[in-house]
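Visitor: Turn this into a structure:
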Amino acid sequence: EQRRRHTLSNGQTVWDFSGNVYEWVNWTLGGPLTSGPTSCNYIGWTQLPAVSCGALSAADYMPGNPGGAPTANYNSNYGLGFFLGGSGGAALRGGGWDRGTLNGAFTLSLYDPASISGSNVGFRCVYRP
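Guide: Presented below is the predicted three-dimensional model:
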């Protein structure tokens with residue numbers, strides 16, 4: 001019934017990122033719309049703590065850690081998701097209805113360009129004053 005939301009360990013709720021459709025997201029926070037990194041090699045789906053991409057630091061794709069949990073626990077077993085590198089230049093987050101365990105609140109795919117579309121890709125309107 002409540003699969004449209006994901007409750008984090010600190011009690012906060014993330015809505016609509018738990019597996020219905022991937023959502024296009026802006027790569028920068030509070031700045032102009034820009035493209036994501038294009039230098040992450042595609043090696044298939046990778047658990048978040050094992051990401052190896054010189055263009056990214058853990059702060060770029062990992063959630064904050066207010067509880068001090070070991071970062072090795074930041075994986076799909078805890079609903080956080082996976083990482084898919086690539087050179088598409090766009091960032092998709094969340095996961096599609098057809099992706100099973102690849103879904104997660106922090107799943108990040110840099111594989112596809114912003115020109116793709118499909119039944120498992122959506123977007124969220126955001127107002128920036």
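Visitor: for D60, helix, strand, or coil?
Guide: Going by DSSP: H, G, I helix; E, B strand; the rest coil, the secondary structure assigned to D60 is helix.
Visitor: That one and P37, how far apart?
Guide: D60 is 8 Å from P37, where distance means Cβ to Cβ, to the nearest Å. Where you see a C-beta, it was placed from the backbone N, CA and C, and this is true even at glycine.
Visitor: Quick check on these two: which one has the bigger neighbour count.
Guide: A count of neighbours by other Cβ atoms under 10 Å puts P37 above the other of D60 and P37, at 19 against 14.
Visitor: That one reaches V51, doesn't it?
Guide: No: using Cβ atoms under 8 Å, P37 is not in contact with V51; the gap is 11.3 Å.
Visitor: Quick check on R93: phi, psi?
Guide: phi -130, psi 160 (degrees, to the nearest 10).
Visitor: Low-confidence ranges, the protein, go.
Guide: Residues of the chain meeting the criterion pLDDT under 70: 1-6, 14-19, 27-35, 65-67, 124-129.
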